[in-house]
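[1] The sequence and its predicted three-dimensional model are supplied below.
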Amino acid sequence: MTKILMVCLGNICRSPLAEGILKSKLDSNFIVESAGTAAYHVGNKPDPRSIAVARQNGLNITNQRARKFNKQDFEDFDIIYAMDNSNYQNIIALAENDQQKEKVKLILNESFPDKNLDVPDPYYGGEKGFENVYNMLDNACEIIAKRINTSS
């Protein structure tokens, strides 16, 4: 069973959306979860704007709860997708070996290989920011799902 972790800063905007989107594209042979590199929102539901944009696209992410990324995640997950370069650096800083570092990828490199682009944090933006983030993540998750569904 392949386990995938989506990681952003607070685990209430981008990574819960990425978790919900990818889960919707994969079968039950895959586990998808999310976490944040900071502990600001531990135990909280996703941001209401993330919940709303997910709902508009037929997804329910209301049962998710924010948690902080920890070193055990390197052992528990096969692939770790960071939403931006800052999250990526924070995750890599916790890695204890090259094997752990190799698990960490920038999610938008799925859509734009080797460009190292960030999924912008929509927290301080308006509703449009959440729609844009949803669309970016949906595209990246579609590519991930196609690849891993055919390889499994």
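    In hand now; what should we look at? Numbers count the residues shown, from 1 in each chain.

[2] Now stretch 71-83: average pLDDT?
    Confidence for stretch 71-83, expressed as mean pLDDT, is 98.

[3] sorry, that was for stretch 100-109
    98.

[4] Can you get me the start-to-end distance on that stretch?
    End-to-end distance of stretch 100-109 (C-alpha to C-alpha, to the nearest Å): 18 Å.

[5] which parts of it are buried?
    By 16 or more other C-beta atoms under 10 Å, the buried positions in stretch 100-109 come out as Gln100, Lys103, Val104, Leu106, Ile107, Leu108, Asn109. C-betas here are computed from N, CA, C, even on glycine.

[6] CSV for those, including secondary structure and distance to Val42?
    Shown next, in CSV, are the buried residues of stretch 100-109 (DSSP: H, G, I helix; E, B strand; the rest coil; distance: C-beta to C-beta, whole Å):
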residue, secondary structure, distance to Val42
Gln100, helix, 23
Lys103, coil, 23
Val104, strand, 21
Leu106, strand, 24
Ile107, helix, 22
Leu108, helix, 26
Asn109, helix, 28
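
[7] Quickly check those for the two that are furthest apart.
    Gln100 and Leu108 (21.2 Å; C-beta to C-beta).

[8] Return the helix or strand in the chain with minimum mean pLDDT.
    Lowest by mean pLDDT, DSSP states H and E among the helices and strands of the chain is helix 127-151, with a mean of 92.

[9] which other residues reach that helix?
    2, 4, 13-14, 17-18, 21-22, 25-27, 30, 47, 49-50, 52-54, 57, 81, 107-108, 110-111, 119-120, 122 (C-beta atoms under 8 Å, 6 or more residues apart in numbering).

[10] what are the ranges of the helices in the protein?
    14-25, 48-56, 72-76, 85-94, 98-102, 127-151 (DSSP state H).

[11] Taking helix 48-56 as reference, get the angle to the last one.
    This means helix 127-151. Using axes from the mean of the first three to the mean of the last three C-alpha atoms, to 10 degrees, the inter-axis angle of helix 127-151 relative to helix 48-56 is 60 degrees.

[12] Now helix 127-151: buried residues?
    Residues of helix 127-151 classed as buried by neighbour count (16+ other C-beta under 10 Å): 129-131, 133-134, 136-138, 140-141, 144-145, 148.
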